[in-house]
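[1] got a predicted structure plus its sequence, pasted below:
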Amino acid sequence: MDKDGGKPKTFVSTFKLALKPQARTFCVEKQKENGLDTSNTKITGTHKLGIPSATDSRLPLIQALQTPHFKQPLSDCAVCEGSDATFQGVITGSRPLSVSWLHNGERLHSSKTSFQNGFSSLSLTQCKPGDAGTYTCTAENTAGKQSSSAVLQVTETKEIPRTSNHELHSEVTFKVALPKNTQLSSASKNGRQHREENKVPTAISDTNFQTKVSPSKGPPVEFVDPPEQVEVRVGEQARLHCEFRSSSVPVACCWIFNKDKVVVRGSRKSIMSSETQSSVEISQACPEDKGLYTIVVRNRKGSAQHTIALSVMDRPDPPASQPVVSQQSTQSLVLSWTGPSYDGGTAVLGYKVEVRNEGQDSPESWTEATSRCKNTTFHVRSGLQPLGQYRFRVRAYNSAGVSEPSRESECVKMATAKEEKKDEPDSYVTVTIDTNHKAKDHYNVHEQLGVGKFGQVFRLSHKETGQEVAGEVLQSPNLQRKNGSTERDRNYEPSSPPKTGPVPRCL
């Protein structure tokens, strides 16, 4: 209380505290006297630390700056001469960030550098030995900087010396210092040397050799006697093999099937390659494997390619038609048929004709009438008996094997001697070719019976008499140009109507 005895008085003292600004966050706690509210205020940078006022509560929250950091540093790299190389690192830190690159301590000015979303990269194309060394990436901001380094190794291309069977064109210069008063020998026309008065000593002192060799440049890749075609049978193993010489290593090989499909390893295919050869092996070859196989060989200096044709041979299909019988007699007849629709990938070499006797109670087994028939017709002259009953069938064959048999012919009954004599014409008939009419003017054309040597064979019936004959239609370009006709027919009329099967051909 004061001297007057009144109420006590309250005195308030104030002070100011000044601190040096720092790049970190300070936290000052503000409390009201009545204890109803408590809050924190963060001050960064150059804010002064003091008693917060009512305006301090409106200050924003500001994060502290982070120095750059390589979350993923650069990695060392080793490449061959002519290849590409890339360095890449992941950088974190406060933005903005400045990124620069150094090569062996010198600043690198390249358009192949980039920095996006924290990823910094440097790309080098077609590296040379001079590009080898240490590469450093430096990241910097206002809070600091950090660097990461890596080493690039460039392996020079190794030259492969050529073999002895390749001529090496060189330019060689020799400089030889000989003792004074020494005369060299001269060469004559036949290549022999004539000795002069003084001989060159066998041991020469003070001799210097200077050699300059400049070999000619050959192709980057050269194939050695590559095959042009490979033939295998169905089910066999096919091997496509190529040897080559390369002027440099490494060497890359690739096989392409029919110019559009890369050959890859599989259950039936295997690929083996080295620096001097490459091969493809196909087990259990099938018709789908046939085609063109192209090998492409590449090195650092260029490439070359070669194509091999693979043929997968299979047995031909059976003949397309059953054998048709004509010109029948007591002990002979003529068979005609149509060749197979598919030859198996290689030419048909011939046909095998088989016969079976049907006259007995139980038919006999099939026997070969011939195994070397080269055409689609065959004249059977032996093994047939008068009044005998026979069936025929035909097989085609090529270099891969023999086909399945064709459909069996109709049962053929041979004639007796009496019937054969009756059917034979009494005398020869002079035939005049009618160029003004066609066979269809006199005959009705029915089903095809087979294929003859010169055309197709049809069953014909005379329009007036009803007589049946076999007619072979021939193509005649000369008559076609003369009167527009595409067929020429020559008719041989028998002396009496036939009794069984088609009778002599109508040509």
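    Now that the structure is in, tell me what you want to look at.
[2] Lys440 falls within a strand, correct?
    No - read with DSSP: H, G, I helix; E, B strand; the rest coil, Lys440 is helix and lies in no strand.
[3] low-scoring stretches of the stretch 251-400 of the chain, by residue?
    Applying pLDDT under 70 to the stretch 251-400 of the chain flags residues 360-363.
[4] the chain now?
    Judged by pLDDT under 70, the chain has its weakly predicted residues at 1-8, 11-63, 157-217, 360-363, 417-429, 453, 475-507.
[5] the domain parsing of it - what is it?
    24-58, 69-155, 221-313, 324-339+347-421, 425-506 (automatic domain parsing).
[6] save these as a markdown table, and put in mean neighbour count and distance to Lys9 too.
    (Each C-beta comes from the backbone N, C-alpha and C, glycine too.) Shown next, in a markdown table, are the domains of the chain (neighbours: other Cβ atoms under 10 Å; distance: least, Cβ to Cβ, whole Å):
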| stretch | mean neighbour count | distance to Lys9 |
| --- | --- | --- |
| domain 24-58 | 11 | 19 |
| domain 69-155 | 15 | 53 |
| domain 221-313 | 16 | 99 |
| domain 324-339+347-421 | 17 | 130 |
| domain 425-506 | 14 | 143 |
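[7] nearest to Thr10, out of the ones you listed?
    Evaluated over the domains of the chain, closeness to Thr10 peaks at domain 24-58, with 12.9 Å, by Cβ to Cβ.
[8] need the domains of the chain in CSV with distance to Thr10, can you?
    Shown next, in CSV, are these (distance: least, Cβ to Cβ, whole Å):
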stretch, distance to Thr10
domain 24-58, 13
domain 69-155, 49
domain 221-313, 94
domain 324-339+347-421, 124
domain 425-506, 137
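[9] what sits against Asp76?
    Contacts here follow Cβ atoms under 8 Å, 6 or more residues apart in numbering; on that basis Asp76 touches Ala150, Val151, Leu152, Gln153.
[10] so who does the last one touch?
    Going back to what we said before, that points to Gln153. With Cβ under 8 Å, 6+ apart, Gln153 has these contacts: Asp76, Cys77, Ala78, Val79, Ala132.
[11] now, which of those lie within strands?
    Taking DSSP state E as the definition of strands, those contribute Cys77, Ala78, Val79.
[12] contacts only, for the second one.
    The reference is to Ala78. Contacts of Ala78 (Cβ under 8 Å, 6+ apart): Leu152, Gln153, Val154, Thr155.
[13] same question, Tyr397
    Contacts of Tyr397 by Cβ under 8 Å, 6+ apart are Arg315, Pro316, Val348, Leu349, Gly350, Tyr351, Lys352, Ser403.
[14] of the residues you listed, closest to Gln389?
    Gln389 lies nearest to Lys352 out of those, by Cβ to Cβ, at 21.5 Å.
[15] specify the beta-bridge partners of the closest one.
    Assessed by DSSP bridges, Lys352 has beta-bridge partners Arg395.
[16] from the contacts of Asp76, which is closest to Glu468?
    Of all the contacts of Asp76, Gln153 has the smallest distance to Glu468: 93.8 Å, by Cβ to Cβ.
[17] from Gly266, how far out is that closest one?
    Distance from Gln153 to Gly266, counting by Cβ to Cβ, to the nearest Å: 37 Å.
[18] what do you get for His379?
    From His379 over to Gly266 the distance is 52 Å, taken as Cβ to Cβ.
[19] what's the answer for Ser111, then?
    Ser111 is 45 Å from Gly266, by Cβ to Cβ.
[20] over to Phe458?
    52 Å.
[21] go on, Asn398?
    Plainly put, Asn398 is 29 Å away from Gly266 if you go by Cβ to Cβ.
[22] how about Ala85?
    Going from Ala85 to Gly266 by Cβ to Cβ gives 35 Å.
[23] who's in contact with stretch 372-380?
    Defining contact as Cβ under 8 Å, 6+ apart, one finds that stretch 372-380 is touched by 319, 327, 332-339, 350-353, 355, 369-370, 392, 451-453.
[24] now the end-to-end length of that stretch.
    13 Å (Cα to Cα, to the nearest Å).
[25] cool, stretch 247-255 as well?
    Length of stretch 247-255, first residue to last, Cα to Cα: 20 Å.
[26] could you do stretch 119-139 as well?
    Criterion Cα to Cα; first-to-last residue distance in stretch 119-139 is 11 Å.
[27] what about Ile271, which helix or strand?
    For Ile271, the enclosing helix or strand under DSSP states H and E is strand 269-273.
[28] export that strand to CSV, keeping only CA atoms.
    Extracted in CSV, the C-alpha atoms of strand 269-273 (Å, rounded to 0.1, in the frame of the first residue of the first chain):
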residue,chain,number,x,y,z
LYS,A,269,14.9,-76.1,-83.5
SER,A,270,18.3,-75.2,-82.1
ILE,A,271,20.8,-72.4,-83.0
MET,A,272,24.5,-72.5,-82.4
SER,A,273,26.8,-69.5,-83.3
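[29] partners of that strand in the sheet?
    Within its sheet, strand 269-273 is paired with strand 277-282 (antiparallel), according to DSSP bridges.
[30] what residues does whichever helix or strand comes after the partner strand touch?
    As assigned by DSSP H and E, the chain's next helix or strand after strand 277-282 is strand 291-299. Strand 291-299 is contacted by residues 220-221, 223, 240, 242, 244, 246-259, 263, 278, 280, 303-310 when judged by Cβ under 8 Å, 6+ apart.
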